[in-house]
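Novice: Here is a sequence with its predicted model. Questions after.
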2 protein chains.
Amino acid sequence: MPVGGRTDVDGVSTSERILDAALVSFATRGYEASSLDALAVGLDIRKQTILYWFPSKEVLLEAVIDRSAIELSAALEASLTTAGTGWARVEAVVKSVFRLAARRPELLGLVREMGRLGTPAATRFVTAVEPLVQRATGFLEAEMDAGHMKRHDARLLLLAIYSTVIGMLTEVEVLRAFGEEPTARSLVRRRNEILELLRSALVIDGA
Amino acid sequence: MPVGGRTDVDGVSTSERILDAALVSFATRGYEASSLDALAVGLDIRKQTILYWFPSKEVLLEAVIDRSAIELSAALEASLTTAGTGWARVEAVVKSVFRLAARRPELLGLVREMGRLGTPAATRFVTAVEPLVQRATGFLEAEMDAGHMKRHDARLLLLAIYSTVIGMLTEVEVLRAFGEEPTARSLVRRRNEILELLRSALVIDGA
DNA sequence: CGATCTGTCTACCATATGGTAAGTGACCGG
DNA sequence: CCGGTCACTTACCATATGGTAGACAGATCG
């Protein structure tokens, strides 16, 4: 899985450009529905160039997953580490996910695609992201033990938070049905609604 | 879109069997990734039989969408109509969605697939389901006005509820990452967690 | 009985797919 | 200046895809 190659004129190597395009396509159209031919055309490249860097479509998928898992983990680890305690920290993390969604929606889209690709692709991703889940549940449990938050099953709570955030970020068509246009303004409103929901579920009144 | 045909030995017409199989495939593998050939093999039928009932793959998709929208709407309208007021009603609806998810997970899966298929397929679905959204928001707003529930933006609240429920029901792989196996027992635990979350967000203490 | 209609089938086809084999030109160390 | 590697290419190929054309058997009906 060479992530190298000569840096192109615009400063991005071909293999990197391929990864970028593949991520977007896998995340929006789905892995099976994405074709190497279409990818190549979009990049103004011959299909064989793709197969030169990534000897098969499956290897390309793995490379996309690995890179995305790293990027995702990095962004979340960062926001999990910084900021205060208790509710402030939860708020910070949610906000950072929304920022990520605005900047690189494909990353969130890929997470959703994971469900479709069974073993081993999904396992690969799950394994890569699991430490993050551990950290997050650990944090939530500690805060609950310390009495800073209402008691919940930490793992299920995290799953619920995840579902809500990802759903409100990625279900564009459903959004339309609910009369929400996918604009930046709407994004902020959705973020605030989520935060309000979580607040009432987590914050202990009079603290 | 003939939904007729001679009723087969087992009491199910061929066109209906095709619709069933197509729904499952579209919902789990995705529309583009589903092939008529594979569908036919699974049904022990020749591909041309599919194309006899549904003259093209796209028409088949539309038929699947229409039928699913009807079934979905029926299930939800029912639970929206019955049961008490305020929180009890919200609880009833959520529970009915979980029941539906246990019985026919493909229906929920198809909803998620909608995001991928742009116009006109998604529009078709959105249009069919919109009245339901209207009813639901109307109900929520009335309850808030009557002071039975904490105030929220009804549409955004509904979107959040939807996201959480659908996410916790369909993201099997993410579930695995969170250490939740997709068993019936786990389903109940997830349902209860969601209900608890919504309770704290909606119920007015001491009412 | 013969004509027609209905449901399913066999026989094809153009195109798209992932992938193999074998080049081609630029650059680079000796 | 020359052999070799690197990045990318053209030339193919077997298979799978959605779809067309038309045959065939059984039911229906005048």
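Specialist: Good, I have the coordinates. In this text the structure is predicted, and so the values were computed from the model without any measurement.
Novice: going forward, measure contacts between C-alpha atoms and count neighbours the same way
Specialist: Noted.
Novice: Can you report how many residues lie near residue A:141?
Specialist: Residue A:141: 18 surrounding residues under other C-alpha atoms under 10 Å in any protein chain shown.
Novice: my guess is it contacts residue A:157, does it?
Specialist: No: counting by C-alpha atoms under 8 Å, residue A:141 sits too far from residue A:157 to count as a contact (10.3 Å).
Novice: Where in chain A is the helix or strand with the lowest mean pLDDT?
Specialist: Least confident helix or strand of chain A, by mean pLDDT, DSSP states H and E, is helix A:172-177 with a mean of 80.
Novice: May I have the next helix or strand after that one as CSV, with CA atoms only?
Specialist: Going down the chain from helix A:172-177, the next helix or strand is helix A:184-202, by DSSP states H and E. Provided in CSV are the C-alpha atoms of helix A:184-202 (Å, rounded to 0.1, in the frame of the first residue of the first chain):
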residue,chain,number,x,y,z
ALA,A,184,-24.7,25.9,6.8
ARG,A,185,-27.4,27.8,8.7
SER,A,186,-29.5,24.6,9.0
LEU,A,187,-26.4,22.7,10.2
VAL,A,188,-26.0,25.1,13.1
ARG,A,189,-29.7,24.8,14.0
ARG,A,190,-29.4,21.0,14.0
ARG,A,191,-26.3,21.1,16.1
ASN,A,192,-28.0,23.3,18.7
GLU,A,193,-31.0,21.0,18.8
ILE,A,194,-28.9,18.0,19.5
LEU,A,195,-27.0,19.9,22.2
GLU,A,196,-30.2,20.9,23.8
LEU,A,197,-31.4,17.3,23.7
LEU,A,198,-28.2,16.0,25.2
ARG,A,199,-28.2,18.7,27.8
SER,A,200,-31.5,17.7,29.2
ALA,A,201,-30.5,14.1,29.2
LEU,A,202,-27.1,14.5,30.9
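Novice: counting contacts, what elements does helix A:184-202 pack onto?
Specialist: helix A:86-103, helix A:154-170, helix B:154-170, helix B:184-202 (3 or more C-alpha pairs under 8 Å, 6 or more residues apart in numbering or on different chains; DSSP states H and E).
Novice: can you redo these as a markdown table with distance to residue B:120, mean neighbour count and mean pLDDT?
Specialist: Below are the helices and strands packed on helix A:184-202 laid out as a markdown table (distance: least, C-alpha to C-alpha, whole Å; neighbours: other C-alpha atoms under 10 Å in any protein chain shown; pLDDT from 0 to 100):
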| stretch | distance to residue B:120 | mean neighbour count | mean pLDDT |
| --- | --- | --- | --- |
| helix A:86-103 | 26 | 18 | 92 |
| helix A:154-170 | 19 | 22 | 92 |
| helix B:154-170 | 22 | 22 | 92 |
| helix B:184-202 | 33 | 18 | 94 |
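Novice: Turn the ones you listed into CSV, columns for distance to DNA strand D.
Specialist: Below are these laid out as CSV (distance: least, C-alpha to the nearest atom of the strand, whole Å):
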stretch, distance to DNA strand D
helix A:86-103, 27
helix A:154-170, 26
helix B:154-170, 24
helix B:184-202, 33
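Novice: what's in contact with whichever strand or helix holds residue A:125?
Specialist: Residue A:125 belongs to helix A:121-145 when assigned by DSSP H and E. Helix A:121-145 is contacted from outside by A:61-62, A:65-66, A:69-70, A:73, A:76-77, A:80, A:85-86, A:114-115, A:149-152, A:154-155, A:158, B:173-174, B:176-178, using C-alpha atoms under 8 Å, 6 or more residues apart in numbering or on different chains.
Novice: To DNA strand C, which of the helices and strands packed on helix A:184-202 lies closest?
Specialist: Among these, helix A:154-170 comes nearest to DNA strand C, with 24.1 Å by C-alpha to the nearest atom of the strand.
Novice: how much space between the spatially most central residue of chain A and residue A:51?
Specialist: By C-alpha atoms, centre = their mean, chain A has its centre lying nearest to residue A:108, at 3.3 Å. Going from residue A:108 to residue A:51 by C-alpha to C-alpha, to the nearest Å gives 26 Å.
Novice: so where's chain A uncertain?
Specialist: A:1-10, A:83, A:207 (pLDDT under 70).
Novice: Near DNA strand C, which residues of it? Just list them.
Specialist: Within chain A, the positions near DNA strand C by C-alpha under 7 Å from any atom of the strand are A:32, A:34-38, A:48, A:51, A:55-58.
Novice: before we move on, the earlier item: and the buried ones among the contacts of helix A:121-145, selectable in PyMOL?
Specialist: Restricted to buried positions by 16 or more other C-alpha atoms under 10 Å in any protein chain shown, the PyMOL selection for the contacts of helix A:121-145 reads:
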select buried, (chain A and resi 61+62+65+66+69+73+76+77+80+86+114+115+149+151+152+154+155+158) or (chain B and resi 173+174+176+177+178)
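Novice: Identify the residues contacting residue A:24.
Specialist: Per C-alpha under 8 Å, 6+ apart, neighbours of residue A:24: residue A:106.
Novice: Now do the strand or helix carrying it against helix A:154-170, angle only.
Specialist: Assigned by DSSP H and E, residue A:24 falls within helix A:14-28. Angle, helix A:14-28 to helix A:154-170, by axes from the mean of the first three to the mean of the last three C-alpha atoms, to 10 degrees: 100 degrees.
Novice: May I have the next helix or strand after helix A:14-28 as CSV, with CA atoms only?
Specialist: Using DSSP H and E, the helix or strand that follows helix A:14-28 towards the C-terminus is helix A:36-43. Extracted C-alpha coordinates of helix A:36-43, given in CSV (Å, rounded to 0.1, in the frame of the first residue of the first chain):
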residue,chain,number,x,y,z
LEU,A,36,-12.7,2.1,-11.2
ASP,A,37,-13.5,3.4,-14.7
ALA,A,38,-15.7,6.2,-13.4
LEU,A,39,-13.1,7.0,-10.8
ALA,A,40,-10.3,7.2,-13.4
VAL,A,41,-12.4,9.4,-15.7
GLY,A,42,-13.1,11.8,-12.8
LEU,A,43,-9.4,12.1,-12.1
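Novice: Tell me if the next helix or strand after helix A:36-43 is near DNA strand D.
Specialist: Sequence-wise, the next helix or strand downstream of helix A:36-43 (DSSP H and E) is helix A:47-53. Yes: counting by C-alpha under 7 Å from any atom of the strand, DNA strand D is contacted by helix A:47-53 at A:47-49, A:52.
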